[in-house]
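>>> structure for the following, please:
(4 chains)
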There are 2 protein chains.
Amino acid sequence: MHYNRPVFSDRERARSYAQVCGIAAALDIVGERWALLVARDLLLGPLRFGDLAEGLPGIGTNTLAARLRHLETVGVVQRRAVPLPERGTVYELTPYGRELEPILLALGRWGTRSMGHLPAGAATRSRWLVTALLAFHEPSREVARPTTWELRLTEGTYTVRAEGAQLAIEAGPAAAADLTVTTDDAHFQALVTRQLSPEAAVATGVVGLEGDPAALALLVDQFAFPVPGEETVG
Amino acid sequence: MHYNRPVFSDRERARSYAQVCGIAAALDIVGERWALLVARDLLLGPLRFGDLAEGLPGIGTNTLAARLRHLETVGVVQRRAVPLPERGTVYELTPYGRELEPILLALGRWGTRSMGHLPAGAATRSRWLVTALLAFHEPSREVARPTTWELRLTEGTYTVRAEGAQLAIEAGPAAAADLTVTTDDAHFQALVTRQLSPEAAVATGVVGLEGDPAALALLVDQFAFPVPGEETVG
DNA sequence: CGGTATCCGCAAAGATACTG
DNA sequence: CAGTATCTTTGCGGATACCG
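Residues are numbered from 1 along each chain as shown, chains lettered A, B, ... in the order given. Model (predicted):
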C-alpha cells in the first residue's frame, strides 16, 4: 500500500493540534465538524455530492465541498468519475478511509446510549438505520449458510449479506436475494429492536416479504440492539 | 449503572447535529475541538485543570473550562475534590467516559499513519508516549507472571503492569516494581520502536535501571509499534 | 494555584444566491 | 446537478485582568 504525503495548506497547518500523538494526528484529519459524518455516509458505498448534502442536513454546500477537498487531500476520500450513461462524479472511501469503519461503529455504539438528548424533530435517514445494523451485528449469531436479504426502506434499497460470522451491507438492490423485505424505516427499526415480532409484522401487513419468509427471523436474529431505556446516558 | 439525562444548553442544542444516529450523537458529545484530547489525557488518571491546560498547548483556559463543563454535563468527565493535604479539584473520566478508551486507542493507531504531516516543532508529552504504549500493546505477548515496571520519563513517572495478556498503565510511581526505568522520552521511544536495543541502551548509559535488568527486554517485547516509514499515510 | 470574565481578531460554519 | 461566491454569524485562540 502506498499513499501520498498530503500537503497541508497554511490554513490546515494553523488549525493542526501539532502534537506528536496518533490521536491528535487523527483529529487533525477527521476532527473537523462534519468530517466523520461524511465518512459514515460513505460506509455503505459511493455517493454523489448531492446525496451527501441531502444526508447531512444543515451542512451547506460550501462546507461540504471544503470537507471533501480536505478529506481527499489527506487520503480518506477519493473522487471517481462515473461512466455513461449516468455521468458525474461520486465520492468514496479510500482503503485508508475504510479503516475508519470499526472506529465509527464503536463510536456509534457508544453514542447510542446518549441519544436521549436528541430534539423531537431530529433527522432520520434509511442509511443511518442500515449503518446501525453493521454496528450492532452480533458475529456469534453465525448463519448456517450464506444468506442475502434485500431491504427496501423509505429512502432506498440495501443489500445485506451474511456468511458465517461475517456481515456485509451495501447500497443498492441484491443480485439474488433469499428474501426481499419491503417496509418503512420506523417499522424496520421496530423489527430489529425486537419491539415488533416478525410474525406480527407480516400478519399486519406492515412488512412485505418476497422470497423465503423464514429468513426474516434469521435476519432479525443477526443483530443485538440495546434494549431502549436500559443503560442510557442522557 | 445510572446516569443523569444531560440538559443541553441552547448553544449546545444549536450545534447539535440532531440526527437519529449513534455516531452523530457521539459527536454531539465529544465532537467539539479539544474534547477527545481532554479524554485522552485523562486515560492515565485524574488531572488538575492546570495539568490539563499544560497538556493541551494552545487551548486557552476559557475554552478548556467550557469543554470540561460540557463533558461533565454529558457524563463523560466528573470533578472530584482532592482531600488534604493536597487540596484542590481534579477531573477524571466517568465509567461512561472510560469506555472511550478502546475507541481512542484505535483512532490513535489509525492516526499514527498520518503523523507525517506534523510540523517540526510539534509538541511532545510523556503522557502521550505512555498512552501510545496502551495503543500498541500486543496481547499475544503474554507475560509468564505478573510484572510491574516504573517508568521515570521526562515529565513524570508512570506505572506499567502486565498480567497475562492484560496491560494496565497509570500515572504515578509503582508500589513495588520489578524494574524501574529512568530515561528521557526520546530514548524511551527509541527503545519501544526498536530503534535502540535494550543492551545498547544500558551499555551507553542513556537508560538507567533499578531492579531486574532482564525485565527491560520483556517490557519492550510487550509492544508492537509500527515500523517508521512503513505503511505511512502522509 | 485554580480557575472565571472579558475583549479582540480571525477563521470556520451557516445561509443563500448564483453559475457552468 | 455540482458546486462557487458572498455575506453573516459564531466559535476559537490569545491576552489580560480578576477572584477565592
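>>> how much space separates residue A:145 from chain B?
31 Å (C-beta to the nearest C-beta, to the nearest Å). For the C-beta atoms, the positions are set from N, CA and C on the backbone; glycine is no exception.
>>> so that residue sits in a strand?
No - counting by DSSP: H, G, I helix; E, B strand; the rest coil, residue A:145 is not part of a strand but coil.
>>> how close does it sit to DNA strand D?
Residue A:145 is 39 Å from DNA strand D, where distance means C-beta to the nearest atom of the strand, to the nearest Å.
>>> before we move on, what about residue A:130?
For residue A:130, the distance to DNA strand D (C-beta to the nearest atom of the strand) stands at 21 Å.
>>> does that residue sit in a helix or strand, and which one?
Residue A:130 belongs to helix A:126-135 when assigned by DSSP states H and E.
>>> who touches that helix?
Outside of helix A:126-135, the residues within contact range by C-beta atoms under 8 Å, 6 or more residues apart in numbering or on different chains are A:40-41, A:43-44, A:55, A:101, A:105-106, A:108-109, A:112, A:151, A:153-156, A:158, A:160, A:167, A:169, A:171, A:185, A:188-189, A:192, A:222-223, A:225, B:19-24.
>>> and it, how far from the chain's centre?
5 Å (C-alpha atoms, centre = their mean, to the nearest Å).
>>> which residue ranges form the strands in chain A?
Using DSSP state E, the strands of chain A run over A:47-48, A:77-81, A:89-93, A:147-152, A:157-163, A:166-171, A:179-182, A:208-211.
>>> any chance of the ones you listed in JSON lines, with distance to residue A:34 and mean pLDDT too?
As requested, the strands of chain A are exported to JSON lines (distance: least, C-beta to C-beta, whole Å; pLDDT from 0 to 100):
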{"stretch": "strand A:47-48", "distance to residue A:34": "14", "mean pLDDT": "94"}
{"stretch": "strand A:77-81", "distance to residue A:34": "12", "mean pLDDT": "94"}
{"stretch": "strand A:89-93", "distance to residue A:34": "13", "mean pLDDT": "95"}
{"stretch": "strand A:147-152", "distance to residue A:34": "26", "mean pLDDT": "98"}
{"stretch": "strand A:157-163", "distance to residue A:34": "23", "mean pLDDT": "98"}
{"stretch": "strand A:166-171", "distance to residue A:34": "20", "mean pLDDT": "97"}
{"stretch": "strand A:179-182", "distance to residue A:34": "31", "mean pLDDT": "98"}
{"stretch": "strand A:208-211", "distance to residue A:34": "36", "mean pLDDT": "98"}
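>>> walk me through the domains of chain A.
With domains defined by automatic domain parsing, chain A comprises A:10-117, A:126-220.
>>> and residue B:206, which of those is closest to it?
Nearest to residue B:206 among these is domain A:10-117 (19.5 Å), distances taken as C-beta to C-beta.
>>> could you list the low-pLDDT ranges of chain A?
In the predicted model, chain A carries pLDDT under 70 at residues A:1-14, A:84-85, A:229-231, A:234.
>>> just list whatever residues bridge to residue A:171.
Residues in a beta bridge with residue A:171, per DSSP bridges, are residue A:158.
>>> so how far is residue A:156 from it?
6 Å (C-beta to C-beta, to the nearest Å).
>>> could you do residue A:38 as well?
For residue A:38, the distance to residue A:156 equals 18 Å [C-beta to C-beta].
>>> which of these two has more residues huddled nearby?
Comparing residue A:38 with residue A:156 by neighbour count (other C-beta atoms under 10 Å in any protein chain shown), the higher total belongs to residue A:38, at 25 against 16.
>>> now for the closest residue to the more buried one other than its chain neighbours, how many residues are close by?
Distances taken as C-beta to C-beta, 6 or more residues apart in numbering or on different chains place residue A:67 nearest to residue A:38, at 5.7 Å, with adjacent residues excluded. The local packing of residue A:67 (other C-beta under 10 Å) involves 22 other residues.
>>> next to DNA strand D, which bits of chain A? Give me the list.
A:48-51, A:60-62, A:65, A:88-89 (C-beta under 7 Å from any atom of the strand).
>>> filter those residues to the buried ones?
The neighbour count (16 or more other C-beta atoms under 10 Å in any protein chain shown) marks A:49, A:51 as buried among these.
>>> of the residues of chain A next to DNA strand D, closest to residue B:215?
Distance to residue B:215 across those (C-beta to C-beta) is lowest for residue A:65, with 54.4 Å.
>>> give the contact list for that closest one.
Counting by C-beta under 8 Å, 6+ apart, residue A:65 touches residue A:49.
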